[in-house]
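Enquirer: below are the sequence and a predicted model for it; my questions follow.
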Amino acid sequence: MTPNTEHRTPNVIVVGSGISGLSAAIVLALHGRRPLVLEAHNIAGGCMQMFARRAPGGELCRFDTGVHYVGSLYPGQLMWRLFRYLGIDVPTQPLRRECLDRISLPGGDFKVPVGWDAVGAAMRGQCPAEGAAIDGYIATMKRVEGSLNWHALDPDVEGAYDRELYDLTIDGLLQRLGASPRLRSLALAQSSLYGAPADRTPLAIHAPVVGSAIEGPHYVVGGGDAITKPLVARLRELGGELRARADVARVLVEGGRVSGVELADGEVLHADEVILALHPHAAARLMPDDAWRSELRRRLERAPECVGLFCVYGIAQGHEAYAGSNHYLLRDDDPDCFYRPGLDGPADAIVNLPPGNPQLISAMSSARMEWFDKWQGTHTPRKDPEYRALKQRLTDNVLAMIAQRMPGLRVTVVESATPLTLRDYARYPGGGIYGLEPGIDAQGRNGVRRRTRYAGLYVTGAGTGTPGILGACVTGFAVAGSILGTQALIREVRTATDPTA
Ligand SMILES: Cc1cc2nc3c(=O)[nH]c(=O)nc-3n(C[C@H](O)[C@H](O)[C@H](O)COP(=O)(O)OP(=O)(O)OC[C@H]3O[C@@H](n4cnc5c(N)ncnc54)[C@H](O)[C@@H]3O)c2cc1C
């Protein structure tokens, strides 16, 4: 990324170049603003960034960090529409219709087909006596998705103010419906898509995240770069700029409104509006203490981080029988085992095999931040023998699970990532998979407000809404809506992206 050498005065500064920040900047540029996106890291993309490693055989492999598969990408669906509105073309490939996700549990496998109705039929095949509970579950999922204005792309729905969507958890719903343990397992098995246990996940998180994966799952061919690069090119085409290695140290305010930001090296940049597209805890550290009501600030400080990340990257052989689907390998029939990782024995792993040659593989697992406490004050200690031994131990646990549940698949490990990787490369202070846990303590009336007490200062990013590429992109549009007018922007996106037009 080239630095902004033109020194044009931006009138809006966006801090963070993840999909939320880039989307917000482009939407505002489309409405006449001159955005400058500031990114602390040396490359753009946040969790969409990719990294290269040489495999033991000498091949140069480029791995994705946070774009394994993305939902709602069939023509006319939400992610497809948002990319279209932003003016970018993202190459995609659908996952297998009859099995986008294979759920592997001790109690037996379940193949998740594309579409809620097909999922309902598949659940009935496994739990034949529970037709009413299955119908109730699926009807609720559709109703919740249809009640969230941005997710439904309907300016007139009032779901964001519907307390039940945020106060009732997915666990609470399944209990109300009298779901059996097996049905509960099937409904919750993909919870690692948002990273919160069932008794803390509001319906307003489970329904749109799992729903978008079920309705429109696609690989992004070329990985995160195939989204980041066109977004940055589009931003520049519209007169915006992106500056990497620009570490924002604090937000500047004057007389009740924002006036700009100061970088870690002391440089000051002025703007009429500043959007922090970051982990909410990272955003809070940049703003004046009184930017949020003290009660909200205290609540968010206490709100938990997602379970930590542990991810193994490698090259797979013998993958043919497994291609085209993700494989959720869970130790226990209770999918919340993902939030109770252990140091020994086969570990839960979400295995992703994106299209390509060589066949790259990633296996996302979970870890406790406490295991890494020792290195809290240091940058990721890649060469420390103790750190490497811990990574090897956790890698062996993931490989043991793959050997058990994906016979014939051989993995040559190339790299692994820990909560420290996320802390240092995406600036998630607690190293949680999606940053702040999207649980009841940080959603709905407990959630981050996009507006602050300072005029012109806004906060967005996955932690202010739903995690994932789609969810974070929606938060980028939503913050632009806070500035431009939400209902008008939703209407405009809807009209401009009509697939029949
Ligand atoms: C391992 C993993 C797997 C995932 N898999 C998927 C998947 O398959 N599908 C899916 O849809 N989603 C997936 N996700 C989630 C998805 O990638 C994220 O939710 C989304 O990309 C977050 O976007 P964002 O804009 O909120 O922020 P981020 O991408 O987190 O970007 C925030 C940016 O802000 C920058 N920043 C922070 N502080 C400062 C500062 N002071 N100054 C300047 N810049 C700063 C950071 O460097 C970072 O670049 C995955 C995530 C992870 C970690």
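Expert: Alright, I've got the coordinates. Residues are numbered from 1 along each chain as shown.

Enquirer: leaving out chain neighbours, which residue sits closest to His271?
Expert: For residue 271 the amino acid is Ala, not His. Ile13 (4.3 Å; CB to CB, 6 or more residues apart in numbering). Bear in mind the C-beta positions are built from the backbone N, C-alpha and C, glycine included.

Enquirer: do I have it right that the one you found meets Arg33?
Expert: No - counting by CB atoms under 8 Å, Ile13 does not reach Arg33; the two are 10.4 Å apart.

Enquirer: what touches both of these two?
Expert: Glu273 (CB atoms under 8 Å, 6 or more residues apart in numbering).

Enquirer: mind listing what the residue nearest to Gly46 when sequence neighbours are not counted touches?
Expert: Counting by CB to CB, 6+ apart, Gly46 lies nearest to Gly18, which is 2.8 Å off, once chain neighbours are set aside. By CB under 8 Å, 6+ apart, Gly18 lies in contact with 45-48, 277, 426, 461-462, 472.

Enquirer: separation between Gly18 and Ile275?
Expert: 12 Å (CB to CB, to the nearest Å).

Enquirer: what ranges do the helices span in the stretch 51-200 of the chain?
Expert: Along the stretch 51-200 of the chain, counting by DSSP state H, counting those that start in this stretch, helices occupy 78-86, 116-126, 131-147, 149-152, 163-167, 170-176, 181-188.

Enquirer: what packs against the longest one?
Expert: Using 3 or more CB pairs under 8 Å, 6 or more residues apart in numbering; DSSP states H and E as the contact criterion, the secondary-structure elements in contact with helix 131-147 are helix 116-126, helix 149-152, helix 170-176, helix 181-188, helix 203-215.

Enquirer: in the longest strand along the chain, which residues are buried?
Expert: Scanning the chain for the longest strand, with DSSP state E as the assignment, gives strand 308-317. If you call a residue buried by 16 or more other CB atoms under 10 Å, then strand 308-317 has these buried ones: 308-316.

Enquirer: so it, near the ligand or not?
Expert: Yes - using CB under 6 Å from any ligand atom, strand 308-317 reaches the ligand at 309, 311.

Enquirer: write out the residues of the stretch 151-300 of the chain neighbouring the ligand.
Expert: 247-248, 277-278, 282.

Enquirer: who are the contact partners of the residue of the stretch 301-450 of the chain found nearest the ligand?
Expert: Nearest residue of the stretch 301-450 of the chain to the ligand: Arg427, at 3.7 Å (CB to the nearest ligand atom). With contact set as CB under 8 Å, 6+ apart, Arg427 has these partners: 40, 278-279, 282.

Enquirer: next secondary structure after the longest helix along the chain?
Expert: If you go by DSSP state H, the chain has its longest helix at helix 385-405. Next in sequence after helix 385-405, counting helices and strands by DSSP states H and E, comes strand 410-417.

Enquirer: in its sheet, what does that next one sit against?
Expert: With DSSP bridges as the test, strand 410-417 is paired with strand 308-317 (antiparallel).

Enquirer: now do the strand it pairs with: distance to the chain's middle.
Expert: 18 Å (CA atoms, centre = their mean, to the nearest Å).

Enquirer: can you check stretch 123-138 too?
Expert: With CA atoms, centre = their mean as the basis, the mean position of stretch 123-138 lies at 29 Å from the chain mean.

Enquirer: repeat for stretch 103-123
Expert: 23 Å.

Enquirer: what does stretch 278-298 give?
Expert: Centre to centre, stretch against its chain (CA atoms, centre = their mean), the figure for stretch 278-298 is 21 Å.

Enquirer: now do the same end-to-end measure for that stretch.
Expert: 18 Å (CA to CA, to the nearest Å).

Enquirer: now do the same contact list for the residue in the stretch 101-250 of the chain that the ligand sits nearest to.
Expert: Relative to the ligand, the nearest point of the stretch 101-250 of the chain is Val248 (3.6 Å; CB to the nearest ligand atom). With contacts defined as CB under 8 Å, 6+ apart, Val248 is in contact with 15, 38, 40, 261-264, 286.

Enquirer: pick the one among these closest to the ligand.
Expert: Using CB to the nearest ligand atom, the shortest approach to the ligand within the contacts of Val248 belongs to Ala40, at 3.5 Å.

Enquirer: does that closest one touch Ala246 like I think?
Expert: Yes - using CB under 8 Å, Ala40 is in contact with Ala246, at 6.7 Å.

Enquirer: give me the more crowded residue out of the two.
Expert: Between Ala40 and Ala246, counted using other CB atoms under 10 Å, Ala246 has the larger neighbour count: 24 against 21.

Enquirer: in this structure Cys311 contacts Ser365, no?
Expert: Yes - between Cys311 and Ser365 there is a contact under CB under 8 Å: 6.8 Å.

Enquirer: for the residue nearest to Ala271, helix, strand, or coil?
Expert: strand (DSSP: H, G, I helix; E, B strand; the rest coil).

Enquirer: and for Val351?
Expert: strand.

Enquirer: what's opposite it in the beta bridge?
Expert: Applying DSSP bridges to Val351 gives these bridge partners: His327, Ala363.

Enquirer: what does Cys311 give?
Expert: Met364, Ala417.

Enquirer: got a list of what it touches?
Expert: 362-365, 416-417.

Enquirer: where neighbours are concerned, which of these has the most?
Expert: Counting neighbours by other CB under 10 Å, the top entry in the contacts of Cys311 is Ala363, with 28 neighbours.

Enquirer: surely it touches Val351?
Expert: Yes - assessed by CB under 8 Å, Ala363 is found in contact with Val351 at 4.9 Å.

Enquirer: need the overlap of contacts for these two.
Expert: With CB under 8 Å, 6+ apart, Ala363 and Val351 have common neighbours Ile402.

Enquirer: ok, back up a step: list just the nearest of the buried residues of strand 308-317 to Leu28.
Expert: Closest to Leu28 out of the buried residues of strand 308-317 is Leu309 (31.1 Å), distances taken as CB to CB.

Enquirer: now do the same contact list for the closest one.
Expert: 364, 366-367, 417-419, 421-422, 431-433 are the contacts of Leu309 under CB under 8 Å, 6+ apart.

Enquirer: could you rerun that using 10 Å?
Expert: Residues in contact with Leu309 (CB atoms under 10 Å, 6 or more residues apart in numbering) are 65-66, 195, 364-367, 369, 416-423, 426, 428, 431-434.
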